[in-house]
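Generate a structure from the sequence data that follows.
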Amino acid sequence: MAVKIAVALALFLSTIASGVWLSHAGKPLNPLLITLHKLVALVTVVISVLAVLAWRKTAALGILPLLLLILAGLLLALLFASGAFLSSGKSLPGIFLLTHQIATLAAAVCAMALVWGPK
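From the prediction side, this is the model:
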């Protein structure tokens, strides 16, 4: 399980790095960079879900971890939705990018609390 968590963490950091790279690449957005970012994000979610499923087999899930998992799931849905809007190529209000950035930070905090917080 520790390996899955480490891989998920590395992929999450790769997703953030590719997002920063994408945002600094300028407009119009490079389709290759967008695709890379989306694929890394999707693989991150899959590996994270596998890690959580493995964790559930080894330990009972307390109320705080359960709430953090629910919050993380909602944040990931928000990230995918806001990312879809941002990659549409249309001119959008800055709140879309800000929402994407805040949701990324909040998802990172949830992940850290799940891994290193109280069980």
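
I figured residue 33 hits residue 21, correct?
Yes. The pair residue 33 and residue 21 passes the contact test of Cβ atoms under 8 Å, sitting 6.6 Å apart. (C-beta placed from N, C-alpha, C; glycine too.)

Comparing the two, which shows the higher neighbour count?
Each of residue 33 and residue 21 had its neighbours counted (other Cβ atoms under 10 Å), and the higher figure belongs to residue 33 (16 against 13).

quick one: contacts for the more buried one?
For residue 33, the contact set (Cβ atoms under 8 Å, 6 or more residues apart in numbering) comprises 18, 21-22, 25.

in which helix or strand would I find it?
Under the criterion DSSP states H and E, the helix or strand holding residue 33 is helix 31-58.

In that helix, which residues are buried?
Judged by neighbour count (16 or more other Cβ atoms under 10 Å), helix 31-58 contains these buried residues: 33-34, 36-38, 40-41, 44-45, 47-48, 51-52, 55.

tell me which residues of the helix or strand just after it are tucked away?
Next helix or strand after helix 31-58 toward the C-terminus (DSSP H and E): helix 63-86. If you call a residue buried by 16+ other Cβ under 10 Å, then helix 63-86 has these buried ones: 65, 68-69, 71-72, 75-76, 78-79, 82-83, 86.

Mind picking the lowest-pLDDT entry from the residues you listed?
Going through those one by one, the lowest pLDDT turns up at residue 65, 86.

coming back round to it: rounded mean pLDDT for the helix holding residue 33, please.
For helix 31-58, mean pLDDT rounds to 88.
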